[in-house]
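[1] pasting the sequence and the predicted coordinates here, then a few questions.
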Amino acid sequence: MKALIPIAVVLTLVGCNKGADSPRGFSLPEGDVSKGEQVFMKYQCLSCHSLKGYDTDGIKPEVPTRVLLGGNVSQIKTYAELVTSVINPSHKIAQNYVPSQVSDEQGHSKMRNYNDVMTINELVDLVAFLQPQYQLVPYKRTDYPTYIP
């Protein structure tokens, strides 16, 4: 039985390795928040998104319901998640929306592809701007009454 433990550990570690597809070693430079705000406005993100503190009056919406960016979240939005949301928006479709409002018939995100127009510097600046827009709020636990026999 003791001999199986090292084998299980090795199999677990090997199962976690994605080889050439592993994100190990991936890192982008630090972005600039103020430049990221300029990128946000340049690419007219408010035509499909809403963000607290930014007025969408006078901006023609390109979708039936704007997808909210930022706000209170119970799980932190990581740098990698935000980068992925920009370069591959179909990877994870926005929740709490009617699917037809945010995705097409094939289930792909309606977000435009910016990969051929946005520079890497613009991407990292945009993510630097967006990440602090999310505030981590502790998960509200349920207080159960104490059972007294």
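    Looks like it came in fine. Residues are numbered from 1 along each chain as shown.
[2] going forward, measure contacts and count neighbours with C-alpha atoms only.
    Noted.
[3] now stretch 33-52: average pLDDT?
    The average pLDDT within stretch 33-52 is 96.
[4] for it, what is the distance to the chain centroid?
    Distance of stretch 33-52 from the chain centroid (CA atoms, centre = their mean, to the nearest Å) equals 15 Å.
[5] what does it rub up against?
    Identification of contacts with stretch 33-52 by CA atoms under 8 Å, 6 or more residues apart in numbering yields 56, 59-63, 65-71, 111, 122-130.
[6] buried subset of those?
    66-67, 69-70, 111, 122-130 (16 or more other CA atoms under 10 Å).
[7] narrow these to those in strands?
    Members of these lying in strands (criterion: DSSP state E): 67, 69.
[8] ok, of the buried ones among the contacts of stretch 33-52, which one's closest to G25?
    V124 (16.7 Å; CA to CA).
[9] leaving out the residues flanking it, which one is nearest to the closest one?
    Of all residues beyond its chain neighbours, the one nearest V124 is G31 (4.7 Å), with distances taken as CA to CA, 6 or more residues apart in numbering.
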